Every structure is written in structure tokens, then in C-alpha cells.
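Chemist: Turn this into a structure:
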Amino acid sequence: MGTTAPIRVSIVEDDAVIRETLQSLFTFEKEFDLLSAHSTAEDALLRLTDTCPDVMVMDINLPGVSGIDCVGRMSQRCGNTQFLMYTVHDDDHRVFEALKAGANGYILKGSTPDQLLDAVRELHAGGAPMSTQVARRVVAHMRPSTPKAGGLEVLSTRENEVLQLLAQGLLYKEIGQRLGITEGTIKQHIHRIYEKMHVQNRTEAVNRYYGRGT
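Modeler: Presented below is the predicted three-dimensional model:
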């Protein structure tokens, strides 16, 4: 009766304590084979030329080449390798840049050792493990937006034009010159914009314009 081959794992983590902890974790578990551990992306790119791991556990905030850039390069070289981001960062920019670069999973460093091991197992089995906070961001990003009361759809064409210029940082006088109307008229438009969008000031209106409001 055959046995299942161990999951070959490589680690890229610049924090020595965390790196050593991960090395011990994957060395202790017999179902894993710790292939290599690296303190920088450059070292991983240099050393992993002939052998590709099954799973790479990758930090993002590395000195020099970032973990996201490393994933992008390694994914071209190692087509069958699965990449698990292991980081403290859960902001939208890093999450989606990592996924676009080729990451298959995204786990936060607040996860327990068992959660990390389960994530590597799931990744190797074809899943896409993510910490709850990250999964919610991805779901929210993919969900179609729905019109909301007080949104841009309630504004008139002229009010939308004023808000667009306001979002570009123009002063009332500059907006008036651009649209060929007086500064007083601009103030009236902005007053109505605030009322319709249920906001109190320029910052809230601009945030709503860029989709950062609720």
C-alpha cells in the first residue's frame, strides 16, 4: 500500500524568530518536507532554480524585492507551485496585488500554527485558504454594488459635474470658471449636493464620489 508524498514547503520570511518558528513547525510535522527557508526574496530566487516547492509560504514586507514581486517571478518559473501569503497586512491593495501576482491563499500572522498548517494542506489540495478578514474583503470586492439612498444617482447632471471637479481638488472659483457659472451658484450646487448625499463636508462628499463612503 503506497504512502502519500510529503508536501514540499519553502519559506520566505525576513524575521528570524518567525522564520525559525516556521521551520520548526514544518520540520516537526511528518507530512511536510521543509525544502528551504529564506530571509529575502532575492535569496529564494537565487537558490530555487532547479527545484520548485509544492507550497511557498511568503511574507510580503521583505527587504529589497517584496513578497508580491517574488510571487510574480516565482510563479513564472514554477508553474505548479502554490503560493500562500503569510503576513500582518490585510489592506485591500496588498491583498489584491498579491492575488493578481499569483498568490493562491492569504493567511494573516495572527493565525494559529494549526490554522497555518491547515491552510498549507488546503492549498496543496487545490483550495484557496484565506483568513476570515481577507475572505470578507474579497467577497465584498466581488459583490456588485447596489444603488444607495444619498448616492451619486440622486444628483443632477450639473451637480455631478460640480462634484467631479470638487473631487479633483479645484476651488469654488476654479469650478465656476471651468463651468462658466458664478462662485455663488457653485456654493448653491454644493449645498444641494451635501443635502442629497447626506454628507456634512467636502471630504465626505469626495469619499462618497470615490466609493469610500457608505
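Chemist: Tell me where the protein is predicted with low confidence.
Modeler: 1-3, 141-153, 210-214 (pLDDT under 70).
Chemist: which residues touch the residue most central in space within the chain?
Modeler: The residue lying closest to the centre of the chain (C-alpha atoms, centre = their mean) is residue 95, at 1.5 Å. Contact analysis of residue 95 by C-beta atoms under 8 Å, 6 or more residues apart in numbering lists 89, 106, 134, 137, 138. For glycine as for every other residue, the C-beta is placed from the backbone atoms N, C-alpha and C.
Chemist: Near the third one, how many other residues are there?
Modeler: Using other C-beta atoms under 10 Å, residue 134 has 23 neighbouring residues.
Chemist: Within the helices and strands, which one has residue 8?
Modeler: Assigned by DSSP states H and E, residue 8 belongs to strand 7-12.
Chemist: Show me the contact partners of that strand.
Modeler: Against strand 7-12 from outside (C-beta under 8 Å, 6+ apart): 19, 22-23, 26, 31-41, 44, 48, 53-59, 62, 67, 70, 120-121, 124.
Chemist: try stretch 171-182
Modeler: 158, 161, 162, 165, 166, 170, 183, 185, 186, 187, 190.
Chemist: Now the buried members of those.
Modeler: 162, 165, 166, 170, 185, 186, 190 (16 or more other C-beta atoms under 10 Å).
Chemist: any chance of those residues in TSV, plus distance to residue 197 and secondary structure?
Modeler: TSV is the format used below for these (distance: C-beta to C-beta, whole Å; DSSP: H, G, I helix; E, B strand; the rest coil):
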residue	distance to residue 197	secondary structure
162	12	helix
165	16	helix
166	11	helix
170	18	coil
185	19	helix
186	16	helix
190	10	helix
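Chemist: Report the two of these separated the most.
Modeler: The widest separation within these, taken as C-beta to C-beta, falls between 170 and 185 and amounts to 14.7 Å.
Chemist: and of the buried ones among the contacts of stretch 171-182, the nearest to residue 129?
Modeler: residue 166 (42.5 Å).
Chemist: for the closest one, what are its contacts?
Modeler: Residues near residue 166 by C-beta under 8 Å, 6+ apart: 175, 190, 202, 205, 206, 209.
Chemist: give me the number of residues near residue 81?
Modeler: By other C-beta under 10 Å, the residues close to residue 81 number 19.
Chemist: Hmm, it is touching residue 57, no?
Modeler: No - between residue 81 and residue 57 there is no contact under C-beta atoms under 8 Å: 11.2 Å.
Chemist: Now do the helices in the protein.
Modeler: 16-28, 41-47, 67-77, 92-101, 113-124, 132-142, 157-167, 172-179, 183-197, 202-209 (DSSP state H).
Chemist: Chain neighbours aside, what residue packs nearest to residue 47?
Modeler: Distance criterion C-beta to C-beta, 6 or more residues apart in numbering; nearest residue to residue 47, sequence neighbours excluded, is residue 36 at 6.3 Å.
Chemist: Okay, the one you found and residue 135: tell me how far apart.
Modeler: 29 Å (C-beta to C-beta, to the nearest Å).
Chemist: so what's residue 28 up against?
Modeler: Contacts of residue 28 by C-beta under 8 Å, 6+ apart: none found.
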